[in-house]
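Asker: build me a model:
(4 chains, ligands or ions: 4)
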Amino acid sequence: ADIAGADDIEDTMTSADGTYELAFITDVGQLKDKSFNQGTWNGVKSYAAEHGLSYKYYQPANGDQATDDDRYDAIKAAVDGGAKVAVCAGYMQGAALTKAADEFKDTMFVFIDGWPLTGADGNIMSNVAPVVFKEEQCGYFAGYALVKEGFEKIGFCGGGGGTNPACCRYGYGFAQGIDAAAAELGKTVDLNYSWLYGATFSASPELQTMVNGWYENGIEVVFACGGPMFDSITAAAAENDCFVVGVDSDQSYDSDTVVTSALKGVGEAAYLAIAKYYDGNWDEIAGTGINLGAAEGATGLPTETWSMQTYTVEEYEDMLAAVIAGELAVDDNYENLSDEALESVNLSIVE
Amino acid sequence: MAFLIRQTLIYAVPLMVVALAGVFAERSGIINLALEGIMIFGAFIGVLFVHLVQKWGWFEAAKEVGNWGAMQLFLLMAMAVSAALGMVFSLLLAFAAINLRADQTIGGTALNLMAPALVLFLIRVINNQNTMQMFKGDSASWFMLKKKMLGITGSNFFIDTFLNKVYLTTYICVLVFIVLSVILYKTRFGLRLRSCGENPHAADSLGINVLKMRYHGVMISGALSGMGGFVYAMTTANCTANGEVAGFGFLALAVMIFGNWKPLNIAGAALLFGLFKCIAASYYSLDINGDGVYLLKEIGLSSNFYRLLPYLITLIVLAFTSKSSRAPKAAGIPYDIGSR
Amino acid sequence: MEGAPPYVIEMLHITKEFPGVRANDDITLQLKHGEIHALLGENGAGKSTLMSVLFGLYKPEAGEIRKDGKTVRINDPNDATALHIGMVHQHFKLIEVFSVLDNIILGAEDTKLGFLQKKDARKKVQALSERYGLKVDLDAKVEDITVGMQQRVEILKMLYRENEVLIFDEPTAVLTPQEIGELMHIMRGLTREGKSILFISHKLNEIMEVADRVTVLRKGKHIGTVHTKETTKTELSRMMVGRPVQMVVDKEPADAGDDVLTVKDVSVPSRLYKRDAVSKVNFSVRAGEILCIAGIDGNGQTELIHALTGLERPSCGHISLCGIDITSASIRQRSLKGMSHIPEDRHKHGLVLDFTLEQNLVLQRYYEPRFRNGIFIRFDEVRSYANALIRQYDVRSGQGPITPVRSMSGGNQQKTIIAREIDRDLPLIVAVQPTRGLDVGAIEYIHGQLVAQRDAGKAILLVSLELDEVMNLSDRILVMYGGEIVGQFDPAQVSTEELGLYMAGAKRQKEEAWRV
Amino acid sequence: MSGKNERNVLRSILASLISILIGMGMGSLVILIVGLCSKNLTLKSTWEGIRLIALGVFSTGRNAAGELTFGFNPASMGNMLFRATPIILTGLSVGIAFKSGLFNIGAAGQYLAGTCATLFIALSIPSKIVPAWLIWLLAFLGGMAAGALWGAIPGMLKAFLNINEVLACIMSNWIAANVVTWLFDISNLKNIVESTKSGYIYKTTFNGIATPKLGLDKLFPGSQVNGGILIAILLAVLMYILISRTTLGYELKACGANRYAARYAGIKDRRNMVLSMAIAGAMAGAAGSLYYLSGNTEFYWSTYQILPAAGFNGIPVALLASNNPIGIIFTGMFMSTLSISGLQLTNLTAYNEYITDVIISVIVYLSAFSLVIRMWLGGRRKKAAQIGKEDE
Ligand SMILES: Nc1ncnc2c1ncn2[C@@H]1O[C@H](COP(=O)(O)OP(=O)(O)OP(=O)(O)O)[C@@H](O)[C@H]1O
Ligand SMILES: Nc1ncnc2c1ncn2[C@@H]1O[C@H](COP(=O)(O)OP(=O)(O)OP(=O)(O)O)[C@@H](O)[C@H]1O
Ligand SMILES: [Mg+2]
Ligand SMILES: [Mg+2]
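Answerer: Ligands and ions are numbered 1, 2, ... in the order given. Model prediction:
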C-alpha cells in the first residue's frame, strides 16, 4: 500500500447514497497533524481508494475540548452514516468506544493506541481491534542516533500533558537511547524533558517561545513528540538553525529542520486492520488486537530521508536487528524515568 | 538578553499596532471592540494568501536559490493583503455604527463572534481541520532575516538583537506606527479625525464631514488590526490561522486604555505586556544577565502566575489611573446629522 | 460703503418646519453692512433655527437667501464659510482637549503636503487678536480657560476665516457682567472694521445698548423690525410676548414661621477648578415663605443645591432640616426627613425617560408601604395613585399612566416632576429653575402651585436665573455671586436694576446687614 | 390601555424573528456559495445543508436511499434541552446586567468561576460520608456564589473606581481562565488515574454526584438531558419576577435607565451596580455549575488560552430576547437548536458546525441595530397606531 502518497487523495468525498463505509474518528487531535492522525487517516484513505470504498472523517464536537460524549456522538454518527469499519485514533477514545462498541455490535472498530475493551457483559468485545505500538523502541533509536551523530544538548517536548501512554513510552525510550549512546561515547548529554504546553497537542506561541529559549541556550535538537506541536518546534528550530526529530510519520517532508523521525506505522496498521475485515480475517485481530514493534516493521527510523552525517545506516540496522532478535530490550515502563536511572544523562524536567 | 528583547518585541509589535488601530477608531468616535475579530480575520487572510501563493509556486524559484529579498517582498504582499481585507471586514462595523447608528459595543461583539465562526467554517471546508498552515515549510525558513543573509559576520549586542533572527514585519510595523502617530498629531487629517472623536457637533459646524472621518478612522483601524493579526500569526504562531489570536485583540484594547489613547504611552504599554508574555512562556530559560543564571527559574514561581500578570496589572493600573484616564469624549456615541 | 448694495444678507420669506412645529414661518430679515442687528424673541420663538438656516445647518422648506444682492444656496457650513458667514453658537462648539490655536484653525487649516503649518497660523491669529483686542492664550487647552475666553476663541475662529457676517447666538447668557461689557465693546470694534453682526438675545438692555436695529420673532413669526433709537423696552417686550408683560403672580404677603432649613458656613469644592464653588454660605428658609436665590448662572447655585440635596458633599459647614442635622445624611434620609427636590436638569436627574409616566410618578415613594407588599410592588396601587396625580395636576400624555415619559412634551415632563414632588407633602421644597424652557401657560401653572404650597405652610427654596421670576415669586431674595451670598432683599423694596448690580458683583452688602 | 405595551412586545418579537430569518438566510447563502465554488460538493448536498440548517433538530438521518429524513428525534430534542441549560443561564446573566445598564461580557469568567467552585466541592467532599444530594446542593450553591463573587468584582470596579465594565470584564475573564488553570494544576482532581484522558478533571459521577434526570431521560431517550433545564427555567422565571415585580427590580432598572435620576431619588446606584453584576455572575456561575454537575461532562482544566463559548453565547441569547428573562428561555433553546443543526450538518454533509456560529454572529450584528429594525416596523405601523390612538 502506498500510504506515503495518500496525502494526495481528497479528504472529502461525497458518496452517491450519502453513506460511508469507512469512517475515521479522532479524539482531540487535528486531522492534518502531519503525524499521528494524518498518518492513520492516510491508511484509511489508501485502502478506500484502492478498493473503491466510500470514506468519511468525523470530528467530535468541541474541537480539542471534546468530551467522551462528543466522541460517542461522533462514533454514533459514523455508524448511523453506514460505517462498516470505524477507525478510532487516540487513547482518549476509550470510554466513548466502550459504550459505542457495545451498542453497535455490527460495526468493527479499530482502536489505534488502544487496549482491549470489555463490554457490559464482562467479556472482551470482539468488534474492537486495539492496536498498540512499541514506541519506546523508535524513541530509543532516535535518541541513540542523535548522540552518535554528535549532539550533546537535546530536548524532548511531549504531548498529552505527561499522561498519554504512547508519548510517555516515546519519551522514556528516547531518554534510554541517549543514555546508552552517551555511555558508549563516555560523555554526559544534557536532556531537557518537558510536557509543558502540550496538553492539547496543539501548536502555540508559548511553546514556540519556550523552545526558542531552549535553542537560544544551546539545545541543538528537540524531539517533537505530539502531532501539531511539531509546527511550533520546527518554527523555533528554523529560527535558530537547529534541528528537530519528528514523530509517528516521516516528517522530513514537512520541514528542513528534521534530522530524522521516530516512525510508528499507524497508517499501515489502519490499512492492515481494515484489510483483515474485508479479507474475512477479522477474527485474527478481534478483541485482543495487536502490539506492533520493530519485529513487525512498525517502529523504526526512515534511513532514506534522514540527514545523519556520522551515524551510519549500518550501525542503525545492526541495532534494529538486535531489537528484532530480542537481544536488545527497551524498557517500556515509563514510571522508571529518573535522573538517577540515566547515568550518562543530565536530565532536567521542565514543568 | 538579546533573546528576551527579540521575543518581547515579537509579542509587543502586534499589540502595539492593534492598540493604535483602536486609537484611530476611538479618536474618530467609534469604539472598536472588534479588534480581536478583525485580527482573527486578518490572520486568516494573510495565512491563506501565503498558503495559496506557495501552492501556486510563485516564489518557488526564488526560495530555491535563497533569494531572501523576494521572500521579503512576498511577506510585504501578505501584510498588504491582510491589511486590505481587514479594512474591508471593518466596514461591517463602520456601516452599522456610522450609517445605522447601531450600538457600537454590540456591533463589535458581533464581529468578534463572526470572525472566528467564518474563519473556522472556511478553514474546515478548505482544509478539513481547524487550522490552516503554510503550504510548505515554516515561517522562519521562509521569512526570517538572519545576519548571514545580510552579509553580517560580526557579533555584538546590536547585531544579535536587531539584525539577527528578526522579521521584517517588526520594522514595518514600527515604521507604520511612527508614521501614523505623526499623521494623527501633525496633519490636517489627524486634527480633523481627533476633533470628530471629541466633539462631532463642533467638527460638523466647521464643515468637517464627520461620517467620512469616522469611516476613515474605522478603516484605518481595520487595516491595522488585520495586518496586526497576520503579523501575530506569522511571528508567534508559525504562520498558522485557527480562528483565534489568544485574546491579543482584547489585550490591545487594554494596552490602548493603559496608554491613555496616546501613541507613545501605548508603545510603552505594549512593550510591558510583551515582556510579560515572553516571561510567562520562557521564564525557565531566560538568561537575563547573560551569565548563565536563570533568575526567574530560581524564584520558582508558577508560569500560571506570569501568565495572568498582564491582565492583573491592567486592572490595577486602571484602578489607579481611571480618574486621569480620558477616552475621546464622543467615542461610542453615534453621530446623528439630524441632531445638529 | 458707497455703491455697495445696502444689504449684505437678506433672508426672504424663510419657512422651516420640524415635526409638529413650524419653527420659522415666512420670516424676512435684512442685515445692513456694518450694522449690529439684534434678533429678539422668547424661548422657542425660532431665533436659533433662523440662524441655523443661514449657517447651512438646516434647509428651509421655503424662502430665499441673498448675499450682497445675489441669491445663494447654503447647504452646509462649508457653503456659509465660503460666503464668509460665521456663527458663534449658543452652546460653544469647541474641542475641549485641543489647544486654543488648534480650535481656531480646525476646519480651515493651512497645510504643506498635508502637514499643519501652525507657525503661520499662530502669527495670523496673534495679529487678529491684537487688532480686535481679543486676548487669548493660544497654547492653553480650551477646558482650562474661562467661558469668556472661550467666547473670544469662537470669535477668533470667525475672524480667522475672514468672515464678514458674524452671528452671535445668545452670547451673553453665559457671561459675567464684566465680560458682557467687554463683548459689547468688541462687537462695536468689529463693526467699525466693516463686519456685520447678527445678535440673538432676549435681554432688552443689551439690545438697547448695542444694536442698531431689532427684528422681533414670536412663535416662529416675524413681528417687526425697528430701530433701537426709535423704540422703547416696553414696546419691544410687548412685541416679543404679544401682550403687555408684567406677569405678576397673585399672592398674599408671606406668613413666615419657624426655620425649616438652616445652612451654616457651607462650602462646596468646585469640580472644575481648585477652588470652592460655594464658600461659607449661611442662610435659613422658614415655613410659609419662598426664599429665592438669584444670580447669574455659574455663581455656585448648582453646587449649593447639590450640597443641600445630598448629590454632593460639602467640604465644611452644617445643614439642618427641621432641627435635625443632615449634613452627611444620604439622599434617601433627607427625603424621608422632609425635603423634596425639583431638580435643575429634568432629563439628567428628574426623570427616567425610558420609564413610563406612572413609574416616574412613584420614583420618590415606590418603597413606601403603600406601594409594596413585602418585596413586591403593588401595581394596582401605583396605577391608581398615578391616575389621581395625572388628574389632579393635569399632566397630559398620549396613553395616560403607561406613556413613556420620553415621548412627552417638555412642559408635561416638568409637570410630572412638580406633581411628584409637591404631592409628597413635605415641609421643604427645593425648586431649581422650575420653569426653564416652558411656555407662558405652563409657567403660570407652576408659579401658582408653588405659591399654593407656600400658603399651605411649606418652606420653599427657589433658585432662578430669571429676574422676573425672582421678583414675582419670592418673599425674600438672596443674591449669589462668586460662590458667596452678597445680599438679602425684600422684593417689594428693590428694583431689578439694583439686584442686577449685586448679581454682577458690582455691589455687596455687609454680611451683618442681613444675616439673621 | 396596555395595548401599547403589547404592541411593543409584539414588535420586539417580530424584530427578533426577522433577525433570525436574515441570519439563517445568510447562513444558507454561505452554504450555497461554498457549494457552488467547490467541485466536490453537489447542488444536492448544498440543498441538504440548507434544509439541515432550518430543521436539523428534527433530522433523523438518512433512509436506505440516502435521502435525508426528518421527524421527531428524541435524542436531538433532549440534547437540545441539555445544551440550552447553560446558555439560558448565561443569557440571563447578560440580560440582567443589561437591564441595569451594564454590558456583562464577563459571563465567560463567571462561568469558569462557577465551574471551578462546583467541581472542587463536588469532587472533594467524599460521598461516602456526606449524602450525595447534599453535596450536589452545596456544589450548585457554591458555583453560584463563586460566579456572583467574580461578577461583583467588575461591578465594584465600575461603581467605585469608574472603570469601564466591558474592560474590567474582559480582564476578569482572562484572569479567571488563568486562576482556574492554576488551581486545578495544583489540585489532585486531575483526571490521571482514569487513564483514558489527559488534561481533564474527573466527571462528578466519579464521586457519585449527578443532577437527577427527573424522568426527562424517559421522555427523550438517548439524550444527555437532565433536571438542570428545569432549574434554568425556574431561575428565568425568578429573574422575571425579580425584574418586573419587585422593588429591587425597579431600582435596578432605574439605575440602568438613568443612573443620575436613580441617585437623585435616593437609590444607591453604586450598591445596585455591584448587586446587579453579582446576580448576573450568579447566573453565569449556575450555568457552569449545572453543565458540569450533569455528571457526564468533563472539564478541560488547562483553559488559560480558551474562554468557554457558553459565556459569549449568552450575549446573542439576551439580545435576541430584548433581555426579557422569559424570552431568554426561548432564545436560549433556539440557539441550542442551531447548534444541534450544526452537528447534524457536520455528520450528514461535508459542511461543518461553524456555520451556525456564523448565523449567530449575523443575528447579533442585526440586533446591534434592532432599534432601527423596530423603528422600521413601527414606521410601517404608524398609520394603524394613529387610528388606534383616536379610538382611545
Ligand atoms: N431639531 C429640532 N427638531 C424639532 N424641533 C426643533 C428642533 N430644533 C428646534 N425645534 C423647535 O423649534 C422651535 C424653535 O426653536 P429655536 O431653537 O429656534 O428657538 P429659540 O428662539 O432659539 O429659543 P431659545 O431662546 O430657547 O434658544 C421650538 O419649538 C423647538 O422646540
Ligand atoms: N430639539 C428637539 N429635537 C427633537 N424633537 C424636539 C426637539 N424639541 C422639541 N421636540 C419635539 O417637538 C414636540 C414639541 O415639543 P415642545 O417641548 O416644544 O412641546 P410644547 O408644545 O411646547 O409643549 P409644552 O407646552 O408642554 O412645553 C415634542 O414632541 C418634542 O419631542
Ligand atoms: Mg436658541
Ligand atoms: Mg415647549
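Asker: pLDDT below threshold where in chain D?
Answerer: For chain D, the stretches with pLDDT under 70 are D:1-6, D:191-198, D:371, D:375, D:377-392.
Asker: C:Pro404 reaches C:Phe355, doesn't it?
Answerer: Yes. Checked against Cβ atoms under 8 Å, the pair C:Pro404 and C:Phe355 is within contact range at 7.5 Å. Every C-beta, even on glycine, is put in place using the N, C-alpha and C of the backbone.
Asker: any idea how far C:Gly288 lies from ligand 2?
Answerer: 30 Å (Cβ to the nearest ligand atom, to the nearest Å).
Asker: quick one: what helix or strand has that residue in it?
Answerer: C:Gly288 belongs to no helix or strand when assigned by DSSP states H and E.
Asker: got the contact list for it?
Answerer: By Cβ atoms under 8 Å, 6 or more residues apart in numbering or on different chains, the residues touching C:Gly288 are C:254-257, C:454-455, C:457-459.
Asker: quick one: buried ones out of the residues you listed?
Answerer: By neighbour count, with 16 or more other Cβ atoms under 10 Å in any protein chain shown, those hold C:254, C:256, C:454, C:458-459 as buried.
Asker: so of those residues, which ones are in helices?
Answerer: C:Arg454 (DSSP state H).
Asker: can you redo the buried ones among the contacts of C:Gly288 as CSV with pLDDT and distance to A:Asp113?
Answerer: Below are these laid out as CSV (pLDDT from 0 to 100; distance: Cβ to Cβ, whole Å):
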residue, pLDDT, distance to A:Asp113
C:Ala254, 76, 96
C:Ala256, 79, 95
C:Arg454, 93, 91
C:Lys458, 94, 87
C:Ala459, 95, 87
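Asker: how is chain C divided into domains?
Answerer: With domains defined by automatic domain parsing, chain C comprises C:7-241, C:247-338+C:427-516, C:353-425.
Asker: try chain D
Answerer: Domains of chain D are assigned by automatic domain parsing as D:2-72+D:371-391, D:75-332.
Asker: roughly how far is the shortest one from the heart of the chain?
Answerer: Here domain D:2-72+D:371-391 is found 20 Å from its chain centre; the criterion is Cα atoms, centre = their mean, to the nearest Å.
Asker: that one close to chain A?
Answerer: Yes. Using Cβ under 8 Å from any Cβ of the partner chain, we find that domain D:2-72+D:371-391 touches chain A at D:40-42, D:45, D:61-62, D:65-68.
Asker: still on that earlier bit, pipe the contacts of C:Gly288 into CSV and attach distance to B:Ala83 per row.
Answerer: Shown next, in CSV, are the contacts of C:Gly288 (distance: Cβ to Cβ, whole Å):
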residue, distance to B:Ala83
C:Ala254, 74
C:Asp255, 78
C:Ala256, 75
C:Gly257, 76
C:Arg454, 70
C:Asp455, 74
C:Gly457, 74
C:Lys458, 68
C:Ala459, 68
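Asker: mind listing what's buried in the helix or strand containing B:Phe273?
Answerer: Element membership for B:Phe273 (DSSP H and E) is helix B:263-282. Under the neighbour-count criterion of 16+ other Cβ under 10 Å, helix B:263-282 has B:263, B:266-282 buried.
Asker: same deal with stretch A:308-326?
Answerer: So for stretch A:308-326, counting by 16+ other Cβ under 10 Å, buried means A:308, A:311, A:316, A:319-320, A:323-324.
Asker: closest point of the stretch 201-350 of chain C to chain A, which residue?
Answerer: The nearest approach of the stretch 201-350 of chain C to chain A comes at C:Arg271, 45.8 Å away (Cβ to the nearest Cβ).
Asker: spell out the secondary structure type for that residue.
Answerer: Secondary structure state of C:Arg271, per DSSP: H, G, I helix; E, B strand; the rest coil, is coil.
Asker: returning to that earlier point: hey, which of the domains of chain D is tucked in deepest?
Answerer: Of all the domains of chain D, domain D:75-332 carries the top mean neighbour count, a mean of 23, counting by mean count of other Cβ atoms under 10 Å in any protein chain shown.
Asker: that one: how far from the chain's middle?
Answerer: 9 Å.
Asker: then stretch C:452-468?
Answerer: From the chain centre to the centre of stretch C:452-468 is a distance of 19 Å (Cα atoms, centre = their mean).
Asker: now the end-to-end length of that stretch.
Answerer: 19 Å (Cα to Cα, to the nearest Å).
Asker: for residue 139, what are its contacts?
Answerer: I went with chain A, as the question did not name one. A:169-177, A:223, A:225, A:262, A:330.
Asker: oops, I was thinking of chain C
Answerer: C:99-101.
Asker: please repeat the previous calculation with a cut-off of 10 Å.
Answerer: By Cβ atoms under 10 Å, 6 or more residues apart in numbering or on different chains, the residues touching C:Asp139 are C:99-102, C:122.
Asker: just to revisit the earlier point, give me the nearest residue to the residue of the stretch 201-350 of chain C closest to chain A, chain neighbours excluded.
Answerer: C:Ala277 (7.6 Å; Cβ to Cβ, 6 or more residues apart in numbering or on different chains).
Asker: helix, strand or coil: sort out the closest residue to B:Glu60 other than its chain neighbours for me.
Answerer: Spatial nearest neighbour of B:Glu60, excluding adjacent residues (Cβ to Cβ, 6+ apart): B:Gln54 at 7.8 Å. Secondary structure, three-state DSSP: B:Gln54 is helix.
Asker: D:Cys169 in helix, strand or coil?
Answerer: Applying three-state DSSP: D:Cys169 is helix.
Asker: do the same with A:Pro130
Answerer: Classified using three-state DSSP, A:Pro130 is strand.
Asker: that one - how many residues pack around it?
Answerer: For A:Pro130, the tally of surrounding residues (other Cβ atoms under 10 Å in any protein chain shown) stands at 25.
Asker: check the one 5 residues further on too.
Answerer: When neighbours are counted by other Cβ under 10 Å, A:Glu135 registers 30.
Asker: same check, this time on B:Leu150
Answerer: Neighbours of B:Leu150 using other Cβ under 10 Å come to 12.
Asker: same question for C:Asp394.
Answerer: Using other Cβ under 10 Å, C:Asp394 is surrounded by 11 other residues.
Asker: if anything else comes up later, I'll come back, but that's it for now.
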